Every structure is written in structure tokens, then in C-alpha cells.
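Participant: got a structure for you, letters missing:
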Ligand code: 5GP
């Protein structure tokens, strides 16, 4: 999949936005959705996406990008409070050669724990949905009113 391409309205995050497949939602407003990664690299791995379609950082409207990054900071703070990790990695991949597997812009919030190794990116086992829902609720409790 090339860096410059046409947005595929049937990508998995577009389906999540349309409610066609379930997600463990953390936060939603008119512009943004945040939900738990279904194949988490660590406990609390959370995704933040804009609702407006764009494939990656390059083709995203700057105002939307500003909203997404600002909200990513707010949710990262909540993830920090919820899980008290030792570190937090934020990632965002552009194009398949860079590691992108879902072609709708997203930021990863990946808590890091000194005593546990990081899982594989976009691989491994699908997490238990109830567990993800419980984690999402824990993060939500830490979000500002
Ligand atoms: P990318 O590789 O594009 O940076 O990240 C895509 C992310 O989406 C991966 O971390 C992968 O685990 C996650 N993912 C793939 N399919 C699903 C799904 O159906 N639901 C959720 N919540 N996450 C998914």
C-alpha cells in the first residue's frame, strides 16, 4: 500500500466509526474517537483517530490533526493515571513500509512497563473484549470532566 493512495472507506477503523464492528470506546466527540487496540502491545494500549477520513499524517487537515494530537495528550494523561506505567510510547505510522497496517490516521498510546516486554506491533493475540471494555472504563474515569 503506497503512501499516497485513495482512502478506503472499508478499512477497519472506518467500520468501527460506522458502528459496523464493535470497539472498546474510551472517548468520543464530534471529531474524534478513541478506543482500545484489539491486539494490544501492552496493558492499556489505546488508539486515537479523527472521524474525518484521512489515510495518514500527510493528507490530514491541519486543524483536525491539531485536535487529534491535543486529545491524544489528554487521553495519554488518563492512561498514565489509570495504569501507572513506567513510560509511554506514542507512535504513528505512515505507509506500509513504515509499519502502517490500517490506513486511517491514528495515534497509538502504548504504556511501557519495565518488568514486561512489549508485544508485537499489529500482531499477536486478539485481546478479550470484556477485558478491553474494563480497561476503557478505567481510562474514562481518569479523563477530565
Ligand atoms: P498500524 O499498524 O496501522 O499503525 O496500527 C493499526 C492498529 O490497529 C494495530 O495496533 C492493530 O492491533 C489494531 N487493530 C487491527 N484490527 C483492529 C480491530 O478490529 N479493532 C481494534 N480495536 N484494533 C485493531
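Facilitator: In hand now; what should we look at? Everything numeric in this text was worked out from a predicted model, so none of it was measured.

Participant: for the rest of this, base every contact and every neighbour count on C-alpha atoms.
Facilitator: Will do.

Participant: within range of the ligand, give me the residues from the chain.
Facilitator: Residues of the chain lying close to the ligand by CA under 6 Å from any ligand atom are 12, 23, 36-39, 92-93, 99-102, 121-122.

Participant: now the buried members of the residues you listed.
Facilitator: Neighbour-count burial (16 or more other CA atoms under 10 Å) applied to these gives 12, 23, 36, 37, 38, 39, 93, 100, 101, 102, 122.

Participant: circling back: what's the most distant pair in the residues of the chain next to the ligand?
Facilitator: 23 and 99 (21.9 Å; CA to CA).

Participant: now whichever helix in the chain runs longest: average pLDDT?
Facilitator: Assignment by DSSP state H gives helix 62-83 as the longest helix of the chain. Helix 62-83 shows a mean pLDDT of 98.

Participant: confirm that residue 35 sits in a helix.
Facilitator: No - counting by DSSP: H, G, I helix; E, B strand; the rest coil, residue 35 is not part of a helix but strand.
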